[in-house]
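A.B. asks: A structural model of the following input is requested.
(one chain, ligands or ions: 2)
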Amino acid sequence: MAANLTPQYLKAEEEYRRAQTPEEELRWLQVMLAEIPKHKASEKMQVMLKTKISDVKKEIESSKGASKKVGKSVKIPRQGAGTCVIIGGPNAGKSQLLSFYTKAKPEVAPYPFTTQTASPGMMAWKDVFVQLIDTPPITPDFFESYLYGYIRGAELVLLMVDLGDDDGIQQCQDVLDRLQNTKTRLAPESGLDEDDVGLSYTKTYLVLNKCDLPDFQDRLDLFHEFCKTPFREFCVSATDGTGTEELRDAIYEAMNVIRVYTKQPTKKAPDMDKPFTLKAGDTIFDLCDQIHKDYASRFKSARVWGEGVHDGTTVKGDYVLHDCDIVELTITM
Ligand SMILES: Nc1nc2c(ncn2[C@@H]2O[C@H](COP(=O)(O)OP(=O)(O)OP(=O)(O)O)[C@@H](O)[C@H]2O)c(=O)[nH]1
Ligand SMILES: [Mg+2]
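C.D. replies: Ligands and ions are numbered 1, 2, ... in the order given. Take a look at the predicted model:
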């Protein structure tokens, strides 16, 4: 990978990885090409980006004449601090987990293929909302192709395994096999492939469900014997809640967000009820953009209370914020 990638490039790369339409892909590929440092080490990457741009343009052109596909695809707008999509074989407990963590009420039933369309819910944790998406099961014969977009678009995938049933291990292997040779892969960390920008990896946790049932431990041993995966593992019960606190913390951590509180110059105390949620690495300018679209251009200075500076230090717009910083903004009227 080319050295000295700018924050703008890295941001565009992240947006590209999560693009759900060819138009969005094209937009971010063009930003990546504009932002990539132009030197010898990045030449290969530049060629790859140009090729990909031309491929995506062709794809957009050829789809213009074609009639739109009619499917059950549901466009779920991204909401909250980040998105976590729950996938797995039938009966694994995906819908049960969604209803455990959120107020959503998906149908939960002891037979396969209960869920037929994807549906979201919001998990509240640490003053932040994380979007969880429940999905239909994946089997060797059944795969909703819109799931590729969800997986690419998510910060995190939870791959749920039914360890309450002898078939659960094979069902998990079927899901892994289904995604193995596609351009949308599960991985320990998210990112793009170094040799093929079209190939994206989404950070994945393995959720070994139904640990309240008696044969769980035996099945877990069998699982480790037959199904080797590089993912971080969580043993949970989506019905009695065992292990769900540790998993919830890890989901939150994977969103890679920081909470920033604002304080008005005229007031002594900050507003601690509702933080702004930013990505780790974001700056005061990013905070301004969230508050109002022209705040960044009207920004004058800011004072910050938090771990990076002495309390009340005046900083510039490119100051990188930390979790739980309190910021007092001064802008031109
Ligand atoms: N004992 C036990 N049962 C569970 C647990 N989680 C889910 N179940 C049961 O397993 C069955 C399937 O749960 P669902 O949440 O509907 O499974 P799903 O993965 O959404 O299934 P599909 O929508 O068909 O793909 C239901 O009868 C649940 O009550 C668990 O942790 N322990
Ligand atoms: Mg379901």
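
A.B. asks: Please count neighbours and contacts with C-alpha atoms only from this point.
C.D. replies: Will do.

A.B. asks: Now the element after whichever strand or helix holds E25, going C-ward?
C.D. replies: Assigned by DSSP states H and E, E25 belongs to helix 22-35. Sequence order places helix 43-65 as the next helix or strand after helix 22-35, per DSSP H and E.

A.B. asks: tilt between that following helix and helix 22-35?
C.D. replies: Compare the direction of helix 43-65 with that of helix 22-35 by axes from the mean of the first three to the mean of the last three CA atoms, to 10 degrees and you get 150 degrees.

A.B. asks: In helix 43-65, which residues are buried?
C.D. replies: 45-46, 48-49, 52-53, 56-57 (16 or more other CA atoms under 10 Å).

A.B. asks: what's the answer for stretch 270-289, then?
C.D. replies: 275-279, 282-288.

A.B. asks: helix, strand or coil for M160?
C.D. replies: At M160 the chain is in strand, as set by DSSP: H, G, I helix; E, B strand; the rest coil.

A.B. asks: Could you tell me how many residues sit around it?
C.D. replies: Per other CA atoms under 10 Å, the neighbour tally for M160 reads 28.

A.B. asks: The one 5 residues further on now?
C.D. replies: Applying other CA under 10 Å, we find 15 residues neighbouring D165.

A.B. asks: That one: what's it in contact with?
C.D. replies: Neighbour list for D165: empty [criterion: CA atoms under 8 Å, 6 or more residues apart in numbering].

A.B. asks: if we can go back for a sec, restricted to helices, list the buried residues of stretch 270-289.
C.D. replies: 284-288 (DSSP state H).

A.B. asks: domains for the protein, by residue range?
C.D. replies: Per the record, the chain has its domains at 7-65, 83-254, 257-331, by automatic domain parsing.

A.B. asks: so which of the ones you listed gets nearest ligand 2?
C.D. replies: Set against ligand 2 and scored by CA to the ion, the domains of the chain come closest in domain 83-254, at 4.0 Å.

A.B. asks: Kindly check the end-to-end length of the closest one for me.
C.D. replies: 10 Å (CA to CA, to the nearest Å).

A.B. asks: tell me how far that domain is from the chain's mean position?
C.D. replies: 13 Å (CA atoms, centre = their mean, to the nearest Å).

A.B. asks: Quick check: mean pLDDT of stretch 17-34?
C.D. replies: Throughout stretch 17-34, pLDDT has a mean value of 87.

A.B. asks: and what of stretch 211-229?
C.D. replies: 95.

A.B. asks: Do you have the strands of the stretch 51-200 of the chain handy? List them.
C.D. replies: Along the stretch 51-200 of the chain, counting by DSSP state E, counting those that start in this stretch, strands occupy 83-88, 119-125, 128-134, 156-162, 184-187, 191-192, 200-209.

A.B. asks: Compare the mean pLDDT across those and name the weakest.
C.D. replies: Among these, strand 191-192 scores lowest, with a mean of 91.

A.B. asks: Name the strands paired with it and say parallel or antiparallel.
C.D. replies: Strands that pair with strand 191-192, judged by DSSP bridges, come out as strand 200-209 (antiparallel).

A.B. asks: Dihedrals phi and psi, V327?
C.D. replies: phi -120, psi 130 (degrees, to the nearest 10).

A.B. asks: so what's it up against?
C.D. replies: V327 neighbours (CA under 8 Å, 6+ apart): 260-263, 302-305.

A.B. asks: One more pass at 10 Å, please.
C.D. replies: By CA atoms under 10 Å, 6 or more residues apart in numbering, the contact list for V327 reads 260-265, 270, 284, 287, 302-306, 312-315, 321.

A.B. asks: Filter the residues you listed down to just the buried residues.
C.D. replies: Looks like the contacts of V327 have 260-263, 284, 287, 302-306, 314-315, 321 buried, using 16+ other CA under 10 Å.

A.B. asks: count of neighbours near the residue nearest to T135 when sequence neighbours are not counted?
C.D. replies: Residue nearest to T135 in three dimensions, not counting chain neighbours: A118, with 4.3 Å by CA to CA, 6 or more residues apart in numbering. The burial count assigned to A118 is 23, neighbours taken as other CA under 10 Å.

A.B. asks: pLDDT score for A118?
C.D. replies: So A118 comes in at 94 (pLDDT).

A.B. asks: Write out the residues of the chain neighbouring ligand 2.
C.D. replies: Residues of the chain that fall close to ligand 2, judged by CA under 5 Å from the ion: 95, 115.
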